[in-house]
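K.L.:
Here's a sequence, model it:
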Amino acid sequence: MNEYIKIEKKLGLSFKNQKLLENALNHSSLKNEDLGIQSNKDLEFIGDSVMYFIASNYIYNNETKISIGEMSIIRSNIISNQTFSVFANKLSLGKYIKTGKGQRKIGISDSMLSDCFEALVGAIYIDSGFSEVENFIYRNFEEEINYIFSKRPIRNDKMIANEMKQKRSI
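P.N.:
Below is the predicted model of the structure:
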């Protein structure tokens with residue numbers, strides 16, 4: 001069985017274009033070994049935007065009694081490297097990420113897992129459309145999203161640093 005079919009079974013998906021799945025799992029360190037390989041960076045860009053919309057839509061549809069500012073904070077708690085690396089680990093994406101030899105020696109970081117998850121979301125979106133990727137997210141991560149949502153707004157380190165910068169510039 002082709003390795004991508006195994007991954008599709010694990011994800012509960014069937015890609016029309018398996019090249020998208022392959023690219024989603026290619027770390028940029030592979031380019032050092034083969035310039036013809038496409039890394040997951042482009043798909044990551046798309047996936048980040050898709051996740052931003054899914055999280056925004058979820059928050060809007062599930063909460064009307066909090067301010068836009070609080071909604072933004074909750075969304076940033078969902079749309080974070082930390083959360084996406086948790087999602088990637090739940091899918092065991094670390095087993096499937098292809099890296100260059102040097103990166104293989106260092107290992108797979110949480111940031112790489114997060115990037116790979118975003119690229120996977122981008123690949124699903126391009127391959128099958130918004131409804132399919134939204135179903136994939138809710139089917140696999142609704143419990144985690146509900147938990148983050150239930151904790152209410154929690155400012156992370158990045159937000160606190162940005163707030164400090166803004167205060168200094170006033």
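K.L.:
wait, Asn140 sits on Leu91?
P.N.:
Yes - Asn140 sits in contact with Leu91 when judged by C-beta atoms under 8 Å, with a separation of 7.0 Å. Yep, even glycine has a C-beta here, placed from its N, CA and C like the rest.
K.L.:
Looking at these two, which one has more neighbours?
P.N.:
Higher neighbour count among Asn140 and Leu91: Leu91, with 19 against 15, using other C-beta atoms under 10 Å.
K.L.:
count of neighbours near Ala123?
P.N.:
Look at Ala123: counted by other C-beta under 10 Å, it has 28 neighbours.
K.L.:
For the residue nearest to Gln82 when sequence neighbours are not counted, grab the count of nearby residues.
P.N.:
By the measure of C-beta to C-beta, 6 or more residues apart in numbering, the closest residue to Gln82 outside its immediate chain neighbours is Asp110, 7.3 Å from it. By the criterion of other C-beta under 10 Å, Asp110 has 15 neighbours.
K.L.:
what residues are up against Asp110?
P.N.:
81-82, 85 (C-beta atoms under 8 Å, 6 or more residues apart in numbering).
K.L.:
Narrow those to those in helices?
P.N.:
81-82, 85 (DSSP state H).
K.L.:
what does stretch 136-151 rub up against?
P.N.:
The contact list for stretch 136-151 (C-beta under 8 Å, 6+ apart) reads 11-13, 51, 54-55, 58-59, 62-63, 74, 77-78, 83, 86-87, 90-91, 121, 124.
K.L.:
wait, is Met51 part of a helix?
P.N.:
Yes - with DSSP: H, G, I helix; E, B strand; the rest coil as the criterion, Met51 is part of a helix.
K.L.:
okay, it: pLDDT?
P.N.:
pLDDT for Met51: 97.
K.L.:
Isn't it up against Ile79?
P.N.:
Yes - contact criterion C-beta under 8 Å: Met51 and Ile79 qualify, at 5.7 Å.
K.L.:
So which of those two has more stuff around it?
P.N.:
Neighbours were counted for Met51 and for Ile79 using other C-beta under 10 Å; Met51 has more, 23 against 16.
K.L.:
what's near enough to touch that one?
P.N.:
Applying C-beta under 8 Å, 6+ apart to Met51 gives the contacts 78-79, 84, 118, 121, 137.
K.L.:
In JSON lines, list those residues along with secondary structure and pLDDT.
P.N.:
JSON lines is the format used below for these (DSSP: H, G, I helix; E, B strand; the rest coil; pLDDT from 0 to 100):
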{"residue": "Ile78", "secondary structure": "helix", "pLDDT": "91"}
{"residue": "Ile79", "secondary structure": "coil", "pLDDT": "92"}
{"residue": "Phe84", "secondary structure": "helix", "pLDDT": "95"}
{"residue": "Glu118", "secondary structure": "helix", "pLDDT": "96"}
{"residue": "Val121", "secondary structure": "helix", "pLDDT": "97"}
{"residue": "Ile137", "secondary structure": "helix", "pLDDT": "96"}
